[in-house]
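Trainee: Coordinates for the following, if possible.
(2 chains)
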There are 2 protein chains.
Amino acid sequence: MKPLLFGVFENAQANDSGTATWRHEKNERIHFDRLDYWTNLARICEEADLDWLFLADAWGWSEIDGVRPEICDIETLDLPRLDPAIVVAAIIHATRRLGLVITGSTFVEAPYSFARRIATLDHLAEGRIGWNVVTTGTAETAASAFGKSMINHDERYNMADDFMELAYKLFESAWEFDAVERDREGHFSNPVKVHRIEHDGPYFKCDGYGNTHYSPQGTPVIFQAGSSSRGLEFAARHGECIFLGGGDVDYVAEQVQSIRQKAKRNGRNPNTDIKIICAISCVVGETEEAAESRYQSILKVQRPEVAAASYAMFTGIDLSKHSIETKMSDLQTELSQSQIQRFGEAKVGDVLKNWHANGVRPIPYVGTAELIANALLEMASKCDLDGFMLVPVVQPLSTIEFVEQVLPLLRSEPVKPKAPLILTLRERLLGAASSVLSDSHPGAVRRGS
Amino acid sequence: MKPLLFGVFENAQANDSGTATWRHEKNERIHFDRLDYWTNLARICEEADLDWLFLADAWGWSEIDGVRPEICDIETLDLPRLDPAIVVAAIIHATRRLGLVITGSTFVEAPYSFARRIATLDHLAEGRIGWNVVTTGTAETAASAFGKSMINHDERYNMADDFMELAYKLFESAWEFDAVERDREGHFSNPVKVHRIEHDGPYFKCDGYGNTHYSPQGTPVIFQAGSSSRGLEFAARHGECIFLGGGDVDYVAEQVQSIRQKAKRNGRNPNTDIKIICAISCVVGETEEAAESRYQSILKVQRPEVAAASYAMFTGIDLSKHSIETKMSDLQTELSQSQIQRFGEAKVGDVLKNWHANGVRPIPYVGTAELIANALLEMASKCDLDGFMLVPVVQPLSTIEFVEQVLPLLRSEPVKPKAPLILTLRERLLGAASSVLSDSHPGAVRRGS
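Mentor: The predicted structure is shown next:
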C-alpha cells in the first residue's frame, strides 16, 4: 500500500464546520486569537511529522431572511474569525518542515495583491505553502460586506478560472525562476527574465510587472475541495491535492474515480499529478464504550438550536421552515451546493439531526485506535485515497489523540528520525523530484523558459 | 527634554528610498526574502528597546514614457518586493515588545478585508501594530497592475478619508471592545454588542458584520507621512504618529508647528494625541574622516545612471529630459507631490546629484557618534520633535551602528532592564493610559458604548 498523507484541518475561529463544541472544557480554540494557540498546535503537527496544517476560511455569516440570528453570537457559529494568511505567516517561524495551507477566495481577492501575498509566504516559508482555492460559499453575505454584486454558483467558477489564469501568469511567467541573480558584480535581476504581464479576462485585468519574484514553488500547491459538478471540473483541472468531504465508502470511491478520470482527460497523470485526500473525524477511547461516552459528552455541549442557523450559513436555506419530510434534493442554493448534494435523497428532519452533531464534518469514527486505524486503512485501499485530513472535533485534543494513538498504527513503521533535508510542500505531497508545477498542469504553460 | 521615540524604517526589497546600495558588501538586505534577515533585524531593534520597526511599501514601478528601464532590474530599484503585512506577521513570534508598523494603501486595498488583516495582526501581536496610511505615490503603474482607473493626487486623499471612515466603523463599532465574553456557561459573544455596519461612501460600500472582534488597540496606531498640503491636512486629522521626511532645521520646525496647529484646530491635543518624528540617516565613524571615508565607499557602489529612473518611480517625471537649469517648482505630478515640493526652488541638475546620493532619504549625518547625537538632540529641541526614524543606508549595519553608538548618547540613561509589563504600541508612543484611540480622534466617535 502506498504511504498515506496526513494533515489537520483548522479554522481561525472558535468553532468551525457548522458545529459548536466551544463550550467543551477541553476546547482551547476559544483562544484562536492568541499566537500561542497556533504555535502550540503547529508544533504538535510538526513533531508528529504531519504533512500539512490547513486553515479554512469564509467571509460571510449566517443570515435568515436578511437577519443574523442571535444564536450566531451566543454560540459563535460564524464570527469572529481571523485572516488565515496572517495566522499562517505567524506560524512560519515556529516550524521548519510542516506544510502550511491557506484558503483564499477567488470571489473577494484581487489577484494582483493576492499573488504577492502568497509568493511572500512561499519565500519566507521556503516553499511550504499551499493554497486552498475557494469561490466563497457564503457569497451572498460576503458580497454585501464588500459592497460587491452577488455572483451565482457556476459563474463564480468561471470567475475562478479567470483568476487562476492571471495568478499563473503572476506566479509563473512574470519572473522566471532564475531571474534574480543577486550578483554584486553583475545584475540583481536579469532584465531579459522579467516580463510584463498582460491579462484582459472577463473578470480580471492586469497590465504590469509582478511585485514578487519566483518563489521556491512558483505556484503554491493547489488544494481544492469543490464537490459540485462544476467544482469537480475545476478541481480536476487545477487541483493538486483534492480534499473530499467524506461520506460512505461507495460514495467516496466514486468521487475518487471520477476525479482521476477527469484529470486524465485533462492530460494529467491521475496518480502522480493529483493526490486525493478525504476528511475524517474521530473520537478515540481505550474501549469502544469509553470512546462512545466521550463522544456523547462532546455532543451534549452542542445546543440543538444551533443546527438551523448553522446550516443557513452554508446554504442560505432555513431548514426549520421546511417540513421534516421534505427531500433535500428538492432544495436549491446559489451558495454551497455541496451541502445539499451530499445528503442525496435524505429528508430535512434527518439532516437537521445529523447537522446538529456534525455540521459539514464527516460523521466521526468513534472507538479504539485500532478500530479507527483499520477503518481508515480499509477506506484508503477501497477508495484509492492518497491520505486523510483530520477534521478535529475538539482542539487540540483531537489532534493529540490522533497523532499519538491512531497515526502510529497507520504508518508501517514509526516516524523516522528527521532527515536533514527539508522538502517543499509539493515535493512532500506529490513525491515530485521538482518543487514546481508538473509540466502537465495548466499553470505550467505560463512558465517562462 | 522629553524622552525621544526611536524606530527603524525598512522595506521588504533589496533597495529602498530611491537609492541603490545593494552592491555594498555589508548590505545583507539583498536577502530580504529570507525570514532570518527579518528576525535578526527585529531582535536587534528589540534588544535596543527601539519603539518600532516600520515597513514601507509601494505597488508600482518606475516607468518612463510607458517603459520600465532595464536599469530597474539590474540595480533592483523598484522590484521585486514582498508583502509587508506577511513579513510583519512572520516577525511577531520572534519579538515580544517591539512595535510593528505596516504600510497599507487606501488606493488598492479593500477596506473590509484590510480591516480583518490588520485586526488579526493586532490580536496576534497583542496590540503592537501600527498602520502607515498611504494613498500610493506610484498610483499610475499600480492602477494599471490592478486593472483600475488612475485617480489623481488630491482625489486619492478624498478616497483615503472614505476608506478611514469605513475602517473606523469596522475597527471601533462592529464589535464593542467587550463583546467577546468567551464564557463557557454563558455567551461566547454578547449579541447586543455586535453591530451591523452600514457604509455608503463615495468610494466604498459595506453592509454587514465585521469579520474580526475588537483587537487590543481597536484601531492600530495611525502613522502618516503625507507632506503635500492635502497630505498634511489628512495627517493632522487621522495621524497619531506623523513621519516627516527630514530637511533643514527651519523647514522641519515649520512643518512640526503647522501640523500641531492643524491638529489643535481639529480638537486634538497637539502634544499628547500626536507625535511627530523625523527621518534621519547617519554614517558613524570613530573620527570624522573615518565616517566620511565610509560614506564615500557607500556612495561609490551606487551607479550614477540610477538617479533618473529612480526619480521617475516616485513622480513619473524623467529629469534627464529637462535642462539642468529647470527649476523644480516648474514641474508637476499626480504621483508623489512631496518629491517635487521638498526641493523648493532647487534646479534639476542639483536634484539629480542629490538624488543619486540619497534618493528620498534625508542627507545623512556623517561623523562621530557624539557629533550625530548632538545634532539630533539640537534638532529635536529646536523643532519640537518627539523622536526619529532611522532610514538606514546599508542594512543591518546602519541599525547596529545607530543602536550601539548613537542611541546610548540620546538616552539620558542606559536602557533599563526590561520591565515585565509589555505595552501596546499606542501606550508606548503616546504615553497614553489607554490602548485605544484618544476620545478626540475622529475614529473614536465610531466606538461602541
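
Trainee: Could I get the full set of helices for the stretch 51-200 of chain A?
Mentor: Here the stretch 51-200 of chain A has its helices, by DSSP state H, counting those that start in this stretch, at A:71-74, A:84-92, A:111-124, A:139-146, A:153-168.

Trainee: what's the burial count for A:Thr272?
Mentor: By the measure other Cβ atoms under 10 Å in any protein chain shown, the count of residues near A:Thr272 is 12. Using the backbone N, CA and C atoms, a C-beta is placed for each residue, glycine as well.

Trainee: looking at it, it is touching A:Leu429, isn't it?
Mentor: No. Counting by Cβ atoms under 8 Å, A:Thr272 stays clear of A:Leu429, with 10.6 Å between them.

Trainee: Take the helices of the stretch 51-200 of chain A and write them to a markdown table, including mean pLDDT.
Mentor: Putting the helices of the stretch 51-200 of chain A into a markdown table (pLDDT from 0 to 100) gives the following:
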| stretch | mean pLDDT |
| --- | --- |
| helix A:71-74 | 95 |
| helix A:84-92 | 98 |
| helix A:111-124 | 98 |
| helix A:139-146 | 94 |
| helix A:153-168 | 96 |
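
Trainee: Present these as TSV; the columns should include mean neighbour count.
Mentor: Shown next, in TSV, are those (neighbours: other Cβ atoms under 10 Å in any protein chain shown):
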stretch	mean neighbour count
helix A:71-74	22
helix A:84-92	27
helix A:111-124	26
helix A:139-146	23
helix A:153-168	21
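
Trainee: Using JSON lines, lay out the ones you listed together with distance to A:Trp355.
Mentor: Converted to JSON lines, these look like this (distance: least, Cβ to Cβ, whole Å):
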{"stretch": "helix A:71-74", "distance to A:Trp355": "14"}
{"stretch": "helix A:84-92", "distance to A:Trp355": "24"}
{"stretch": "helix A:111-124", "distance to A:Trp355": "32"}
{"stretch": "helix A:139-146", "distance to A:Trp355": "19"}
{"stretch": "helix A:153-168", "distance to A:Trp355": "20"}
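
Trainee: and of these, who's closest to B:Tyr112?
Mentor: Counting by Cβ to Cβ, B:Tyr112 lies closest to helix A:139-146 out of these; the figure is 5.2 Å.

Trainee: packing partners for the closest one?
Mentor: With contacts taken as 3 or more Cβ pairs under 8 Å, 6 or more residues apart in numbering or on different chains; DSSP states H and E, helix A:139-146 sits against helix B:111-124, strand B:205-209.

Trainee: Can you read off the pLDDT for whichever residue of the stretch 51-200 of chain A sits closest to chain B?
Mentor: At 3.0 Å from chain B, A:Gly147 is the closest residue in the stretch 51-200 of chain A, using Cβ to the nearest Cβ. For A:Gly147, the pLDDT comes out at 96.

Trainee: nearest residue to it other than its sequence neighbours?
Mentor: Once flanking residues are discounted, A:Gly147 sits nearest to B:Lys205: 3.0 Å by Cβ to Cβ, 6 or more residues apart in numbering or on different chains.

Trainee: Pull up the gap between the one you found and B:Tyr168, please.
Mentor: Distance, B:Lys205 to B:Tyr168, by Cβ to Cβ, to the nearest Å: 15 Å.

Trainee: still on that earlier bit, who wins for proximity to B:Leu100 among the helices and strands packed on helix A:139-146?
Mentor: Comparison of the helices and strands packed on helix A:139-146 against B:Leu100 by Cβ to Cβ identifies helix B:111-124 as nearest, at 7.4 Å.

Trainee: Could I get the CA-only coordinates of that closest one as CSV?
Mentor: In CSV, the C-alpha atoms belonging to helix B:111-124 read as follows (Å, rounded to 0.1, in the frame of the first residue of the first chain):
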residue,chain,number,x,y,z
PRO,B,111,-11.3,48.1,3.4
TYR,B,112,-13.3,45.1,4.5
SER,B,113,-10.5,42.6,4.1
PHE,B,114,-7.8,45.1,5.0
ALA,B,115,-9.5,45.7,8.4
ARG,B,116,-9.6,41.9,9.1
ARG,B,117,-5.9,41.6,8.2
ILE,B,118,-4.9,44.5,10.5
ALA,B,119,-7.1,43.3,13.3
THR,B,120,-5.6,39.8,13.0
LEU,B,121,-2.1,41.3,13.3
ASP,B,122,-3.1,43.3,16.3
HIS,B,123,-4.6,40.3,18.1
LEU,B,124,-1.6,38.0,17.4
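
Trainee: Tell me where the model's unsure across chain A.
Mentor: Counting by pLDDT under 70, chain A contains low-confidence ranges at A:413-421, A:448-449.

Trainee: the strands in it, which residues?
Mentor: Per DSSP state E, chain A carries strands over the ranges A:5-11, A:52-56, A:99-105, A:129-134, A:197-200, A:205-208, A:221-224, A:241-244, A:275-280, A:282-284, A:365-367, A:387-390.

Trainee: could you redo the ones you listed as TSV and give each row distance to B:Thr219?
Mentor: TSV is the format used below for those (distance: least, Cβ to Cβ, whole Å):
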stretch	distance to B:Thr219
strand A:5-11	26
strand A:52-56	26
strand A:99-105	25
strand A:129-134	29
strand A:197-200	35
strand A:205-208	32
strand A:221-224	34
strand A:241-244	37
strand A:275-280	39
strand A:282-284	43
strand A:365-367	46
strand A:387-390	37
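
Trainee: would TSV of those with mean neighbour count be doable?
Mentor: Shown next, in TSV, are the strands of chain A (neighbours: other Cβ under 10 Å):
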stretch	mean neighbour count
strand A:5-11	25
strand A:52-56	25
strand A:99-105	25
strand A:129-134	26
strand A:197-200	14
strand A:205-208	20
strand A:221-224	26
strand A:241-244	26
strand A:275-280	24
strand A:282-284	26
strand A:365-367	22
strand A:387-390	25
